[in-house]
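Q: With the input below, show me the fold.
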Amino acid sequence: MPETVLRDLHEQQITHLQRWPFLSDRTSHPEAWARSSAADDLIGGRGSRSSGTGSSVLRMTEFRDQDLSGARFVRTNLRGAAFNHVFLNDADLRAVDFRGVRMRGVELVDVEISAELRNVVVNGVDIAPLVEAELNRRMPERAKMRAEDAGGFREAWAILERLWEGTLARARRLPEAELHRNVDGEWSFIQTLRHLNFASAAWVGRMVIGTASPWHALDLPWDEAPGWDGIPWDREARPSLDEVLAVRRERQAMVRSVMESLTDERLASTVTRTEPGWPQLEGFPVKTCLRIVLNEEWEHRLYAERDLPSAQPESGAPEQGRLGDRLR
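A: This next block holds a predicted model:
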């Protein structure tokens, strides 16, 4: 494979992993989507939890004057498709790849978008820097999550631990059953903590520290992960908050220890892990491993804060509003 292709694939992988998962759906991982075989080789394989019957390609199929209201498209390749005079009112799009999409003469009214934004030009204006600046204005500590040196990573992790303590204090005021409730098809609060435990084990325990199998039975990968021998995956488990927090405290201490001993030289180094399991990567930047964990912790706390108010209609406590409303 040409070196330029490998480099481009590697850069794409790093970009996705830094933003894992997409803001629109915290239960999915972009690397689980169908990709070219070259990309699959680079990231260590593809797959999903469903038992498909193989790919089915319909070329040059045309749907004209048809009512497809309520249709579901799951793991469907619509690359290069054309949509003309199509009604997508009230459509629900999750974990969708819009790279390279062109929209002309569309109406974006009463639309809510949560996504990674890069080179998104709306009416001639690249809105990505504007959104980034506004998010940092609302949440000044957010910019700290883009640390560049060892001291910045230590500061970012300390911020995250402090913010999570406040979120946990709110969660403890809820009945435990509410912490197992899924809001709008997303992970429950406890599932979110289980996933963060998995992320820390994967990117710090395995990649940075080098423990081949750092897993706990309650660790939770993303929903569309391919599945691996020896890595726990029980989405339906219902451990108590204290059980999950016991693992979480160990994982937080592990990351804290790495941050405390981190040097700029170590941050600039790379790691290779080829043992069975996941991740399996060669020459992967330590900085990227740690940034993935920072991003996971930051974004999932926002998801948790967003959904906790929605998870307490039966508790008798007044609604506190969505996180975005409180930050305006």
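Q: Which pLDDT does the model give residue 76?
A: pLDDT recorded at residue 76 is 88.
Q: That one and residue 98, how far apart?
A: For residue 76, the distance to residue 98 equals 14 Å [C-beta to C-beta, to the nearest Å]. Where you see a C-beta, it was placed from the backbone N, CA and C, and this is true even at glycine.
Q: Over to residue 170?
A: 34 Å.
Q: So these two - more neighbours on which side?
A: residue 170 (15 against 11; other C-beta atoms under 10 Å).
Q: and the host helix or strand of that one, how far out from the chain's middle?
A: Assigned by DSSP states H and E, residue 170 belongs to helix 150-172. Relative to the chain's own centre, helix 150-172 is displaced by 18 Å; criterion: C-alpha atoms, centre = their mean, to the nearest Å.
Q: Apart from its neighbours in sequence, what residue is nearest residue 149?
A: residue 264 (5.5 Å; C-beta to C-beta, 6 or more residues apart in numbering).
Q: wait, doesn't that neighbour sit right on residue 150?
A: Yes. Look at residue 264 against residue 150 with C-beta atoms under 8 Å: they come within range, at 5.1 Å.
Q: And those two? Which one has more around it.
A: residue 150 (20 against 13).
Q: Please read off the pLDDT at that one from the model.
A: Looking at residue 150, the pLDDT reads 99.
Q: For it, give me its contacts.
A: Counting by C-beta atoms under 8 Å, 6 or more residues apart in numbering, residue 150 makes contact with 262, 263, 264, 266, 267.
Q: which among those end up buried?
A: 262, 267 (16 or more other C-beta atoms under 10 Å).
Q: taking the contacts of residue 150 one by one, which sit in helices?
A: 264, 266, 267 (DSSP state H).
Q: Next, residue 131: secondary structure please.
A: In three-state terms, and counting by DSSP: H, G, I helix; E, B strand; the rest coil, residue 131 is helix.
Q: Who are the contact partners of it?
A: residue 117.
Q: Quick one: low-confidence residue ranges for this structure.
A: 1-60, 310-328 (pLDDT under 70).
Q: longest single helix anywhere in it?
A: helix 286-310.
Q: where along the stretch 1-150 of the chain do the helices fall?
A: 3-18, 37-43, 128-138, 150-172 (DSSP state H, counting those that start in this stretch).
Q: Closest to residue 214 out of the ones in helices among the contacts of residue 150?
A: residue 266 (18.7 Å; C-beta to C-beta).
Q: Spatially nearest residue to that closest one (excluding sequence neighbours)?
A: Per C-beta to C-beta, 6+ apart, closest to residue 266 is residue 286, 6.2 Å.
Q: just checking, the one you found touches residue 265?
A: No. Counting by C-beta under 8 Å, residue 286 stays clear of residue 265, with 9.9 Å between them.
Q: if you count what's nearby, which of those two comes out ahead?
A: A count of neighbours by other C-beta under 10 Å puts residue 286 above the other of residue 286 and residue 265, at 21 against 9.
Q: In contact with the more buried one, which residues?
A: 207, 208, 266, 267, 268, 269, 270, 271.
Q: cutoff 10 Å now
A: 153, 203-204, 207-208, 258, 262, 265-271 (C-beta atoms under 10 Å, 6 or more residues apart in numbering).
Q: Dump these to a markdown table, plus distance to residue 236.
A: Shown next, in a markdown table, are the contacts of residue 286 (distance: C-beta to C-beta, whole Å):
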| residue | distance to residue 236 |
| --- | --- |
| 153 | 35 |
| 203 | 25 |
| 204 | 26 |
| 207 | 28 |
| 208 | 30 |
| 258 | 32 |
| 262 | 37 |
| 265 | 44 |
| 266 | 39 |
| 267 | 38 |
| 268 | 42 |
| 269 | 39 |
| 270 | 37 |
| 271 | 33 |
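Q: Out of those residues, which two are the most distant from each other?
A: Taking C-beta to C-beta, no two of the contacts of residue 286 sit farther apart than 203 and 265, at 19.4 Å.
Q: can you map out the strands along the stretch 151-300 of the chain?
A: 270-273, 281-285 (DSSP state E, counting those that start in this stretch).
Q: Please report phi then psi for the nearest residue to residue 121 once chain neighbours are set aside.
A: Nearest non-adjacent residue to residue 121, counting by C-beta to C-beta, 6+ apart: residue 127, 7.6 Å away. Here is the backbone geometry of residue 127 (degrees, to the nearest 10): phi -90, psi -10.
Q: and the gap between residue 127 and residue 305?
A: For residue 127, the distance to residue 305 - C-beta to C-beta - is 24 Å.
Q: quick one, which of those two is more surrounded?
A: residue 305 (20 against 14).
Q: What distance do you get for residue 139 to residue 219?
A: Taking C-beta to C-beta, one finds residue 139 at 28 Å from residue 219.
Q: Quick check: residue 187 touching residue 195?
A: Yes. With contact defined as C-beta atoms under 10 Å, residue 187 reaches residue 195; the gap is 6.6 Å.
Q: Write a ChimeraX command that selects only the buried members of the contacts of residue 286.
A: Of the contacts of residue 286, the buried ones go into a single ChimeraX selection, burial set by 16+ other C-beta under 10 Å:
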select :153,203,204,207,208,258,262,267,271
